[in-house]
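# Here you go, sequence then predicted model.
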Amino acid sequence: MVELVWLIPAFPLLGFLVLLVAGRKLGEPGAGIFATLMMGGSFLSAVAVFVGLVDRNENDRFYELTLFEWIPSGDFSVDVGFLADPLAITMTLFITGIATLIHLYSIGYMHGDANFYKFFLYLILFAFSMLMLVLGNNLLLTFLGWEGVGTCSYLLISFWFTDEANASAGKKAFVTNRVGDFGFMIAMFLAFFTFGSINYGEMLSGAPGMAVGTATAITLLLFVGAAGKSAQFPLYLWLPDAMAGPTPVSALIHAATMVTSGIYLLTRVNPIIAQADGWAPDIIMWVGLFTALFAASIAVAQKDIKKVLAFSTVSQLGFMFVAVGSGVYVAAIFHMITHAFFKALLFLGAGSVIHGMHDEQDMRRYGALYKVMPVTAFTFIIGWLAIAGVPPFAGFWSKDEILLGAYNENKVAWVLLLLAAVMTAFYMSRLVFMTFFGKARWDAEIDGEVPEHEIHPHESPKTMLLPLVVLAGLAAAGGAMNLPFTHSLKRLEIWLEPSLFGNEQHINVAAGTKWGLAIIAIVGALSGVAGAAWIYLKHKAPASLVEKPIMESGWGYDTAVSNFMGGPGRKGFDAAAWFDKTIIDGVVNGAGSVVKGSGTLLAKLQTGYVRSSAVGIAGGAVALVVYFLARTSF
Amino acid sequence: MSLILASSETVTFPVAPALILLPLLGAVAIALLPKRQFEQAKTLALVVSTLVGAITLWVLFEFDQADAGYQFVSEQSWIDSLGISWLAGIDGISLFLVVLSGLLFPLAIVAVDPGHDHKAYYAWLLVLEAGCLGVFVALDLFMFFVFFEIVLVPMYFLIGKWGHANREYAATKFFLYTMFGSALMLVGIVSLVTLHANETGGDLTFNLVTIAETQALGTNAARLIFLTFALAFAVKVPMFPLHTWLPDAHTEAPTAGSVILAGVMLKLGTYGFIRFGLYLFPEASVWFAPVMITLGVIGIIYGAIVATMQKDLKRLVAYSSVAHLGFIIIGTFALNVQGIEGGILQMVNHGISTGALFLLVGWIYERRHTRQIAELGGLQKSAPIMAAVFTLVMLSSIGLPGLNGFVGEFLILLGTFTAHRWWAVVATSGVILAALYLLWAYQRVFHGPAEGENAEMEDLKWSEGFIMIPFIVAIFFMGIYPKPVIERMEPAVERLVAHIETNVEGFTEPVANHGAGNGFGDLEVESSESGTEGDEHE
Amino acid sequence: MPNVDAAYYLILAAMLFSIGAFGLLVRRNPLVMFMCVELMLNAVNLTFVAFSRDLNDVGGQVNVFFVLVVAAAEVVVGLAIIVAVMRHRPGATADDLSVLRG
C-alpha cells in the first residue's frame, strides 16, 4: 500500500483544480464540504501508506516513488518523486489529519464571507504544498513545497486585503521568509556542489564521509532557512503580524504545520548535522532557547488573544529547536505533533471565542465565557493544561523529553528552558482566566472606547465544535504515543529510528534523576498556573506587576526593525534611485548635451551668406598655396 | 566546421527565409493598403504574425533534439567578393528564442490598439518581427549586423510615434544609445574578418562557424574585438551601468512596444553574448568572465533596489528587467552547462513573465489612464480576475518554484555557484529583493481600500483573458515540466562548452564534485580547481 | 611675332583672377558675382594656355576645353537659378538668400 503515496498530495491537488474551475459554482457550503472531503481522502491515503510502511521490515521502511524527471541540466538532475519513510509519514499523518479538521471548522467560521470558495482554494493549495514539502525526495522539491506554503500563507494572511494592515502583514511574511530562503538556496547549491545530487537518499548516505566544514556550512544555512519559516529570532517578526489572517489559517498554517517545517527540514538532514562541527548544533539550541524565553516574555503582556497564541507558538517552536540542537530529534518531532494538537485546538478555540464575541479579540473585553460557551471552554481548558505541561496531558510528555535533552546537553540551558516552561504555564493560565473566568467585561471601556454594538456571546455551530472535541481528545491522550516508562512504550522513538540513522542522542541518566526532573517540571508548571490565578483570578496583585509595556511591545525589536526599514533603509534605497537618475543617467544625458552644445556652437559658422562661404574657400585656397610653397625648397 | 552545418537533415521548406521575408512582405502589403482600412491592416498583421508563429511552432516540433548543430540551414551567396553570404540556421540555443518571438508578436499585435495611424503601426511591428527573427537565425556576421541594426528603426518609430508623453526624448535616447554601442561592433566585425583572412591566408569570409572554429586570432586581438562586441551587447541587454535608456524607452513605449522590447529585443544582447561572444572569443570570454559576472551581480542588486523605489508601475517593471537580465549575464559567464542553459531558459521566461506584466500594466493604463502607483489602489476588489492573473505572473517573476521563472534562476545560480561561489551568494540575495519590490507594488496597486475610479475599474475582458491563456500555460508548463525544453538546448550548449574547453588552454568547465564531499576539504578552495579535483574522483 | 615671356601672361591671369575673386567677395548683385566667377575661370584658362605654350604640352589646352564646357554648363544652370530667384523676389541680393544658415 506504500505505492499509494502519490495519492496523498493528489487529493488536495485535485481539490484545488476542481475549486479553481468550479469553485464559484459550488459556492457555500459546497466548496468547503468538497475541500474537506478531499482532505479526508488525503488523510485516509496517508493512513493506508502508514499501514503499508508498518507492515514492512524495519530496515525496509524507505520507499521512493519517482514520478518524472523535473530539471535535468548537464550533470545536474532532480526528479519529482516522493520519499515515504517513517519521518515523512509521521508528518503527513498529522498534517492531513489536522488539515481535515480545520477545513471542516472553516465551513462554519467562514460562513457568509463573500470569497468563501477562494478561502478553501488557498487552504487546500496550502495543504498540497505542505505535503510536497514533507514528501519530496529531494531538497528542491522540499523547497517547492517550502515556497508554496509561503505563498499560500501570503495569500491567506492578506485574505481580507481591503485592510492595509492585512496586506502589509502578508507582504512582511513573504519577504521575511525570503530572507530565510536565501540560506536554503545556498545550502542547496552547496549540497549539489558537494554530493553532486540533492536527492535525500544520496545526500544522507554520503553525509558521514563529507568534510566537516561543508557540513557545518550546510547545517547553518539550512538553519537560516528554518529560522525564517519557523519564526525564530531574529526572523520571527512576521508571525505575530500573520495573525491578521482568518483564525483557521492561524491554526493550520501558523501554528500546526507550516511553521514546523523548519524543524522537519533539520530533522530530515540529521546526518549532515551529525557531521557538522559541534558548535553548529549548539547555535541552533541557543537560538531556540533564546527565542523560547524571549517570545514567552512577550506573550505575558499581550492583550489580543491571538497575539498571545502567536508568541506562544514562536516560543514553543524555540523548544523544538532546542531539541534539534541537543540531538533529541524524537523529542522535537514528538513536541511538534503534540503542539500541533493543542495549539490548533487553542487557535480554533480562540476562533470560536472571537466568532462568538463578534470579532472582538481584546481579552480585556472577555470574561466568564465558560457559561455561554461550554464546549469551547471545556476543550480550551484541555488545550491549556496540555501546553502548560500538566500531566497526563500530551504537552507534558513531549516537553519533558525536551527538558531532559537540554539537561543532558547543558545544565544552564535546562534552567533557562524550565523558566520558559513556567512562563508558558503562566501566560496560558492568564489567557484562560481572563477569557473564560472572572467577571464578564463584554462591553468594558478600554482606552476611552466602548464596543459599538451590544455583545451577546454565543456558542459556535457544530461544524466548528466537532474539530474542537476531536483535537481535545488528541491533546489529552496524545502523549501515549511516546511514554518514557519502558523502551517498548517509546513507540514514536522506535518508529522514527530508521529515519534518524542512529543520530538520536540517547540520554543516560539515572531513573531517579529523570523522576526528579519531571517533578521539578510539574512543580514549575503548577507554580506558573498558581501565579496567574493569584493575579488574574484572586486579584491579589495588580496585573501591571507582570505586564510591562516594553514586553507588550516585544522589547521594541519589531519597532526598531521597521524604523530602520522605514528610515535609513528606505533612505538608502532612495539614494540608489537618486544615484541612478542623477549620476548614471546624468552622465548619459550629459554626453548628449555636450555633443548637442558643441554642434550648436559650430553651427554659428554657417551664416548662409555666399560671400562668407567664398571667403572660406578663398582662405582655404590661400592656405593650401602657402603650405605647398613652404614645403617646396627653392 | 562544414560538418556542423551539414549534419542537419535536408529540409525542403526554407524556414529561415520564410521567417524573415513573410513579415517583411506583410509590412509592405500593409503599407500598400488604402489609408482608411485600418481594420484590414490589423487583420493582415495578425494573420501574417500568426503564420510566422505557426512556422516557429512547426520548427519546434520538427527540431531534432539529439543534434547539436544547426538545423533548417539555408545558404545563399550574397556579396561573393567580400565573403558575405545569406547563412541562416537554428540550433538549440536559438530555437526557443525564435519560438518566443514567433508567439509573442501575434499576442502583442492583438492585445492593444495603437489608437491612431494603424497602418504604419502594424507595418513597423512586422518589420520589427523580421529583424528580431533575423538576428536569431543569422549565422553570417554581416547578416547578423544588418538585422541587429534594422530592429532599431521600427522600434524608434513605435516609441516616437505611438508612445506616451515624453516619447520623443525616449525614442531618440534609445536609438542613439544602442546605435553608439553597435557602431563599434561593426569595427570589430570588420577587423575580425580581415584579421581572420590575414591569419589563415584565405579569402574574406563573414561565416560565423568558419571564423569561430578556426580561432585564428591572437589573444590580444581577440580580447579587443570581444570588447567591441561586448559593448554593443551590454548596451542592448542592458547591463549596469549602460541601462538608463531602458526605463525611459519602456515607460514611453506603447504597450506592444514594451512587450516586444522586454520580451524579445533585450534578448538580442544576451543571445549575442552566447552565440557570438562565447563562440567567437572563448579565450576572451574566460578572461573577461569575472568582469561580466561582477557587472551582472551589480545589475541584479542595483536593478532591484532602484525598482523598489519607482513610483511609475512601468518603470518598476523596466528596472526589474535590469535585475533579471543580470541573472542571464552571470549564468552565461559561469561558462558551464547549468549556467548557460539557465541563462537561455531565463531569456524565455523573462519574455513570458515580463511580457505578460507589461500587458497587464498596459491594460490598467487603458482603464485608469495612469501608471502612478500612488493613484492606484484596491484594484483586487474591482478587478479580481486581473488581480489573480497579476499575482500569478508576479509570482513567476519572483521565481516561485513550480512556475517558470524559478527553473532558469535556479540553474543560473547553481551554475554560478560552481564557478564563482561568492558571487552566487550575493546574487541569490536578489531573490529577496525581487519579492520586496513586486509584492510592495502589488500591495499598493491591488490591496487596500478601493476609492474613486479604482472602485469602478473594469475587470479583465474575455478577449484579454484569452490573450493571457498562452502566457499562463507557458508559466506552468515551463515550471513543472521544463525537461523537453532543456533537452533540446542541451546538445548545443554542451558543444559550446566543449568548444570553449578545447580552445582555451587550462580551462575546464566548472562542475560540481561527484561523490560525497571528497576533494572538497574547506570552503576556501577556489572553484576553478574543483573541476580537476572532480576528475580525480572519476 | 616676337616671343613674349610667359610671365606676362601669368601676371595678367593672376590680376584677372584677383579682380574676379575680389568682386565675388564684395558685390551683392548675383549677376555681377556670376560674372566675377566667369572672370576667374577665364583667368585660369589663360594660365593653362600660357603654360601649355611655354612647356610645349598640348594637355593644358585640352584642359581649357573642359573648363569652357564646365563654364557653359554653369552659365546655363546658374543663370536659370538667378532668373528664377529674381522673378520670385525682384531686386534680391545674395545676402537675402541665406536659408542655409546654421
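Thanks, I have the structure now.
# Helix or strand: which one has residue 46?
With no chain named, the answer covers chain A. Using DSSP states H and E, A:Ala46 sits within helix A:7-55.
# think we crossed wires, I meant chain C
Of the helices and strands defined by DSSP H and E, C:Leu46 is found in helix C:30-55.
# Report whether that helix contacts chain A.
Yes - judged by Cβ under 8 Å from any Cβ of the partner chain, helix C:30-55 comes into contact with chain A at C:Met33. The way it works is simple: take the backbone N, C-alpha and C, and place the C-beta from them, glycine included.
# Just want the angle from the helix or strand following that helix to helix C:30-55.
Downstream of helix C:30-55, the next assigned helix or strand under DSSP H and E is helix C:59-88. Interaxial angle, helix C:59-88 versus helix C:30-55 (axes from the mean of the first three to the mean of the last three Cα atoms, to 10 degrees): 180 degrees.
# Determine the set of other helices and strands touching helix C:59-88.
Contact here means 3 or more Cβ pairs under 8 Å, 6 or more residues apart in numbering or on different chains; DSSP states H and E; on that basis helix C:59-88 packs against helix C:30-55.
# For the helix it packs on, list every residue counted as buried.
Under the neighbour-count criterion of 16 or more other Cβ atoms under 10 Å in any protein chain shown, helix C:30-55 has C:30, C:33-34, C:36-37, C:39-53 buried.
# From the chain's centroid, how far away is it?
6 Å (Cα atoms, centre = their mean, to the nearest Å).
# Give the rounded mean pLDDT of that helix.
Model confidence over helix C:30-55, given as mean pLDDT, is 91.
# neighbours around B:Arg371, how many?
21 (other Cβ atoms under 10 Å in any protein chain shown).
# which residues sit in contact with it?
B:251, B:312-315, B:361, B:364-365 (Cβ atoms under 8 Å, 6 or more residues apart in numbering or on different chains).
# Pull out the buried residues from stretch B:324-343.
B:324-343.
# For A:Gln316, which non-adjacent residue is closest in space?
A:His339 (5.2 Å; Cβ to Cβ, 6 or more residues apart in numbering or on different chains).
# now that neighbour: how far from B:Ile480?
33 Å (Cβ to Cβ, to the nearest Å).
# quick one on the thing from earlier: in terms of secondary structure, what does the helix holding C:Leu46 contact?
Checking 3+ Cβ pairs under 8 Å, 6+ apart, helix C:30-55 ends up next to helix C:6-26, helix C:59-88.
# Spatially central, which residue of the chain would that be?
Reading this off chain A. A:Val259 (2.9 Å; Cα atoms, centre = their mean).
# wrong one, chain C
Computing the C-alpha centroid of chain C and ranking residues by Cα atoms, centre = their mean puts C:Glu38 first, at 2.6 Å.
# Just the element for the nearest residue to A:Ser488 once chain neighbours are set aside, please.
Spatial nearest neighbour of A:Ser488, excluding adjacent residues (Cβ to Cβ, 6+ apart): A:Ile494 at 7.8 Å. In the assignment (DSSP H and E), A:Ile494 maps to helix A:491-500.
# One more: A:Thr66?
strand A:63-73.
# Spell out whether that strand and chain B are in contact.
Yes - Strand A:63-73 lies within reach of chain B by Cβ under 8 Å from any Cβ, at A:68-73.
# which helices and strands sit right next to that strand?
Helices and strands touching strand A:63-73, by 3+ Cβ pairs under 8 Å, 6+ apart, are strand A:76-84, helix A:139-157, helix B:337-368, helix B:404-419, helix B:483-503.
# right, so of those, which gets closest to chain C?
Chain C lies closest to helix B:337-368 among the helices and strands packed on strand A:63-73, at 41.3 Å (Cβ to the nearest Cβ).
# what comes into contact with the helix or strand B:Thr50 falls within?
According to DSSP H and E, B:Thr50 maps onto helix B:38-62. Helix B:38-62 has contacts (Cβ under 8 Å, 6+ apart) with B:11, B:15, B:18-19, B:22-23, B:25-26, B:29-30, B:33, B:72, B:90, B:95, B:98-99, B:101-103, B:105-106, B:109-110, B:113, B:118-119, B:121-123, B:125-126, B:129, B:133.
# Please identify the buried residues of it?
Per 16+ other Cβ under 10 Å, helix B:38-62 contains these buried residues: B:38, B:40-42, B:44-46, B:48-53, B:55-56, B:59-60.
# same check, this time on stretch B:454-463
Neighbour-count burial for stretch B:454-463, counted by 16+ other Cβ under 10 Å, picks out B:454, B:457, B:460.
# For the residue lying closest to A:Thr435 once chain neighbours are set aside, give me its contacts.
Nearest non-adjacent residue to A:Thr435, counting by Cβ to Cβ, 6+ apart: A:Tyr366, 4.4 Å away. A:Tyr366 makes contact with A:305, A:353, A:357, A:360, A:434-436, A:441-442 under the criterion Cβ under 8 Å, 6+ apart.
# Just the buried ones from those residues, in ChimeraX syntax?
Listed next is the ChimeraX selection for buried residues among the contacts of A:Tyr366, using 16+ other Cβ under 10 Å:
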select /A:305,353,357,360,434,435,436,441,442
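# need the contacts of A:Tyr366 in TSV with pLDDT, distance to C:Leu100 and secondary structure, can you?
Formatted as TSV, the contacts of A:Tyr366 follow (pLDDT from 0 to 100; distance: Cβ to Cβ, whole Å; DSSP: H, G, I helix; E, B strand; the rest coil):
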residue	pLDDT	distance to C:Leu100	secondary structure
A:Ile305	90	85	helix
A:Val353	90	89	helix
A:Met357	84	87	coil
A:Glu360	82	84	coil
A:Met434	89	92	helix
A:Thr435	89	92	helix
A:Phe436	89	96	helix
A:Arg441	81	92	coil
A:Trp442	80	92	coil
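# just curious, which of the contacts of A:Tyr366 is nearest to A:Pro271?
Set against A:Pro271, the nearest of those by Cβ to Cβ is A:Ile305 (41.5 Å).
# Could you measure from that closest one over to chain C?
For A:Ile305, the distance to chain C (Cβ to the nearest Cβ, to the nearest Å) stands at 80 Å.
# Just confirm that residue contacts A:Met363, I think it does.
Yes - when contacts are counted by Cβ atoms under 8 Å, A:Ile305 is listed as touching A:Met363 (5.2 Å).
# shared neighbours, the two?
A:431, A:435.
# Skipping adjacent residues, who's closest to B:Leu176 in space?
Nearest to B:Leu176 is A:Gly592, by Cβ to Cβ, 6+ apart, at 7.2 Å.
# Could you say which helix or strand holds the one you found?
Per DSSP H and E: A:Gly592 is located in helix A:585-603.
# Now do that helix: distance to the chain's middle.
56 Å.
# just checking, what packs against it?
The elements that helix A:585-603 packs onto, with contact taken as 3+ Cβ pairs under 8 Å, 6+ apart, are helix B:167-200.
# Packing partners of the helix it packs on?
Packed against helix B:167-200 by the contact rule (3+ Cβ pairs under 8 Å, 6+ apart) you find helix A:585-603, helix B:141-150, helix B:152-162, helix B:208-214, helix B:219-236, helix B:245-252.
# so that helix versus helix B:219-236, what angle?
Computed by the same axes, to 10 degrees, the angle separating helix B:167-200 from helix B:219-236 equals 160 degrees.
# So for helix B:167-200, mean pLDDT?
Rounded mean pLDDT across helix B:167-200 is 90.
# now the angle from it to helix B:245-252?
Using the same axes, to 10 degrees, helix B:167-200 lies at 140 degrees relative to helix B:245-252.
# For helix B:167-200, list every residue counted as buried.
Buried residues in helix B:167-200, defined by neighbour count with 16+ other Cβ under 10 Å: B:167, B:169-178, B:181-182, B:184-186, B:188-190, B:192-193, B:195-197.
# Okay, angle between it and helix A:585-603 too, please.
90 degrees.
# other SSEs contacting whichever strand or helix holds A:Ala521?
Assigned by DSSP H and E, A:Ala521 falls within helix A:511-532. Contact partners of helix A:511-532 among helices and strands, from 3+ Cβ pairs under 8 Å, 6+ apart: helix A:374-388, helix A:394-409, helix A:411-436.
# Cheers, nothing more for now.
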